[in-house]
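In: Build me a structure from this.
(2 chains)
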Number of protein chains: 2
Amino acid sequence: MLAKMGSGMSPCAACKLLRRRCARDCVFAPYFPPDEPQKFANVHKVFGAANVNKMLQDLPVHQRGDAVSSMVYEADARVRDPVYGCVSAISSLQQQIALLQNQLAVANAEIVCMRMQQAASNAVSLKSSPQGTPPEMSSPLQPRSPELQHYKPATKALEKGEALWT
Amino acid sequence: MLAKMGSGMSPCAACKLLRRRCARDCVFAPYFPPDEPQKFANVHKVFGAANVNKMLQDLPVHQRGDAVSSMVYEADARVRDPVYGCVSAISSLQQQIALLQNQLAVANAEIVCMRMQQAASNAVSLKSSPQGTPPEMSSPLQPRSPELQHYKPATKALEKGEALWT
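Out: Numbering: from 1, shown residues only, chains lettered A, B, ... in the order given. Sure, this is the predicted structure:
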């Protein structure tokens, strides 16, 4: 959403906070509308207006919106949690990944266990069946659902996660 | 690891970059040793020395080391990726979580499917067995492994992850 570009009538939230004239080509105006003062206040508090100005000037215009969004996210996180900032979110996500990997390992172990059980059961049925044919059943050592054939272990994902923040 | 406190002989990396005298009670000195100049350079570039100084002064001493570590991590990420900074790590972790949740759902569906198959197989064995007793086998509708009894679906984890950065 673009704010009204600096017109002298309605300065953007950045220029208002910095008490300066909002020029027509103000680098902040498209991303910090006057009706969202807190958005710039946190970015200013954490990164400093001069740094944000420089970072935006160094980027092509089409990437500045995303850069502002990520800086606002980081700044808000740092204001909420001055010690860990958004790094606490990274830790929390890594913990969730470890938990899911554990649950997946348990589920896969259960599948292997059940397949072995099924194979043993098939062998018993084969012996006791008078015609020597087992009850209709798919191969116990092949996955039934086609999705499982595409299953790949998540080891790579863990490695990537672990390298991010330890 | 604490650097030599400002002694006048060996200024910390921050004071060296800022070309100022490193006082005995320099707030940067314990965390920015002179032999790691890049550590402060990125933090200075992204957050600004004055902001870092203020953020550290506002924290109790025992939390400053963690705050510096998280700021260094964020600053390094922002220098590597000026558009998304460490928010790209958050997106990547969220994607890994979605992938793991999908794999877990497939595995759990497979378990349910195999249990139903096993139950059908038991019913057939029971009918065809002359003594009316099935081959030895655990209950098909109860998990064999004790770990699976503690299994909890990861829905809560997803909700938390989704709320972090969308």
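In: Identify the structural domains in chain A and state their residue ranges.
Out: The record's domain parsing of chain A by automatic domain parsing lists A:13-80, A:87-164.
In: looking at the ones you listed, which is buried most?
Out: domain A:13-80 (a mean of 18; mean count of other C-beta atoms under 10 Å in any protein chain shown). All C-beta spots, glycine's among them, are computed from the backbone N, C-alpha and C.
In: Show the end-to-end separation of that domain, please.
Out: Using C-alpha to C-alpha, to the nearest Å, one end of domain A:13-80 lies 21 Å from the other.
In: Check the offset of it from the chain's centre.
Out: Relative to its parent chain, domain A:13-80 has a centroid offset of 23 Å by C-alpha atoms, centre = their mean, to the nearest Å.
In: How about that domain and chain B, any contact?
Out: Yes - with C-beta under 8 Å from any C-beta of the partner chain as the criterion, chain B is reached by domain A:13-80 at A:45-48, A:50-51, A:55, A:58-59, A:63, A:66-67, A:70-71, A:73-74, A:78.
In: which non-adjacent residue is nearest the residue positioned nearest the centre of chain A?
Out: Nearest to the geometric centre of chain A sits residue A:93, at 7.9 Å (C-alpha atoms, centre = their mean). Of all residues not flanking residue A:93 in the chain, residue B:93 sits nearest, at 3.9 Å (C-beta to C-beta, 6 or more residues apart in numbering or on different chains).
In: For that neighbour, which three-state class applies?
Out: At residue B:93 the chain is in helix, as set by DSSP: H, G, I helix; E, B strand; the rest coil.
In: Give me the below-cutoff pLDDT ranges for chain A.
Out: A:1-9, A:129-166 (pLDDT under 70).
In: Helices of that one, residue ranges please.
Out: With DSSP state H as the criterion, chain A has helices at A:13-18, A:37-46, A:49-57, A:61-80, A:87-128, A:155-164.
In: Would you mind giving these as TSV with distance to residue B:10 added?
Out: Shown next, in TSV, are these (distance: least, C-beta to C-beta, whole Å):
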stretch	distance to residue B:10
helix A:13-18	38
helix A:37-46	30
helix A:49-57	28
helix A:61-80	31
helix A:87-128	30
helix A:155-164	33
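In: To residue B:38, which of these lies closest?
Out: Checking those against residue B:38 by C-beta to C-beta gives helix A:49-57 as the closest, at 17.3 Å.
In: what angle sits between the closest one and helix A:61-80?
Out: Here helix A:49-57 points in a direction 150 degrees away from that of helix A:61-80 (axes from the mean of the first three to the mean of the last three C-alpha atoms, to 10 degrees).
In: For helix A:49-57, name the packing helices and strands.
Out: If you count contacts as 3 or more C-beta pairs under 8 Å, 6 or more residues apart in numbering or on different chains; DSSP states H and E, helix A:49-57 packs onto helix A:13-18, helix A:61-80, helix B:37-47.
In: got the contact list for residue A:43?
Out: Residues counted as contacts of residue A:43 (C-beta atoms under 8 Å, 6 or more residues apart in numbering or on different chains) are A:32, A:52, A:68, A:71-72, A:75.
In: same thing but 10 Å
Out: A:13-14, A:17, A:28, A:31-32, A:49, A:51-52, A:68, A:71-76, A:78-79 (C-beta atoms under 10 Å, 6 or more residues apart in numbering or on different chains).
In: Check residue A:54 too.
Out: Counting by C-beta under 10 Å, 6+ apart, residue A:54 makes contact with A:27, A:47-48, B:45.
In: can I get these in JSON lines with distance to residue B:87?
Out: Compiled in JSON lines, the contacts of residue A:54 are given as follows (distance: C-beta to C-beta, whole Å):
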{"residue": "A:27", "distance to residue B:87": "21"}
{"residue": "A:47", "distance to residue B:87": "14"}
{"residue": "A:48", "distance to residue B:87": "19"}
{"residue": "B:45", "distance to residue B:87": "18"}
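In: Just the closest of these to residue B:110, please.
Out: Using C-beta to C-beta, these come closest to residue B:110 at residue A:47, 48.3 Å.
In: Relative to residue B:85, how far out is that closest one?
Out: 10 Å (C-beta to C-beta, to the nearest Å).
In: hey, what's in contact with both of these two?
Out: A:55, A:71, A:74, B:46, B:78.
In: of all the residues you listed, which comes closest to residue A:118?
Out: residue A:74 (51.5 Å).
In: right, and the closest one touches residue A:47 too?
Out: Yes - with contact defined as C-beta atoms under 10 Å, residue A:74 counts as touching residue A:47 (8.1 Å).
In: what touches both of those two?
Out: Joint contacts of residue A:74 and residue A:47 (C-beta under 10 Å, 6+ apart) are B:46, B:78.
In: Distance to residue A:126 for the shared contacts of residue A:47 and residue B:85 - can I get that in a markdown table?
Out: Listed next are those as a markdown table, based on distance: C-beta to C-beta, whole Å:
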| residue | distance to residue A:126 |
| --- | --- |
| A:55 | 71 |
| A:71 | 67 |
| A:74 | 63 |
| B:46 | 69 |
| B:78 | 65 |
